[in-house]
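**Student:** fold the following.
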Amino acid sequence: MASMSANVITTIIRRVQSPNIMQKPTEQGTATTVNFLAEQDGPPERDLKRMLADTFARLGSVKAAYLARVDYGRPSEQHVALCIVTDEADPVEVVEAASSVFQSMFNSDAHVDILPLSEREQSRISLVCRPFFTRQVQ
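**Tutor:** Purely as a prediction, here's the structure:
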């Protein structure tokens, strides 16, 4: 699928890496350009999506979640990002729960970026990626 360029936006990113004695498990940063490229999918990703969907259903504050390939203005440097839409302005509990699931499944060389999305960003990502989780409204 074609990539969707971002107008300059600011998204707080939390990079989650599986624990390793020699490095900090998470880093936090800011990206001004996020390009959503495609859905990240494969057998390990489907297992991750299934576990995250169960976690998000229990938490109740996640509206939608996507696992996508992104770049931050440098097309040669692609990353995997867990993109979430929540009811919370600062989804600390969601980020911590997602980090825990990821770290339990992958080795220390793997990492995922966690990006809270605005409604506008959600409309952009939905052009190149399907949500793996959508909250059921009762």
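**Student:** quick one: contacts for the residue minimising distance to the centre of the chain?
**Tutor:** Taking CA atoms, centre = their mean, the centroid of the chain lies closest to Leu82, which sits 1.1 Å from it. Residues near Leu82 by CB atoms under 8 Å, 6 or more residues apart in numbering: Leu52, Ala65, Tyr66, Leu67, Ala98, Phe102, Val112, Asp113, Ile114, Leu115. Every C-beta, even on glycine, is put in place using the N, C-alpha and C of the backbone.
**Student:** mind checking which of those are in strands?
**Tutor:** Taking DSSP state E as the definition of strands, these contribute Ala65, Tyr66, Leu67, Val112, Asp113, Ile114, Leu115.
**Student:** what about Leu48, how many residues close to it?
**Tutor:** Burial of Leu48, expressed as a neighbour count using other CB atoms under 10 Å, amounts to 23.
**Student:** right, and it touches Gln103 too?
**Tutor:** No: using CB atoms under 8 Å, Leu48 and Gln103 do not qualify as a contacting pair, with a distance of 11.1 Å.
**Student:** which one of the ones in strands among the contacts of Leu82 sits closest to Thr33?
**Tutor:** Distance ranking of those against Thr33, using CB to CB, places Leu115 first at 12.3 Å.
**Student:** what is the burial count for the closest one?
**Tutor:** So Leu115, with other CB under 10 Å, has 22 neighbours.
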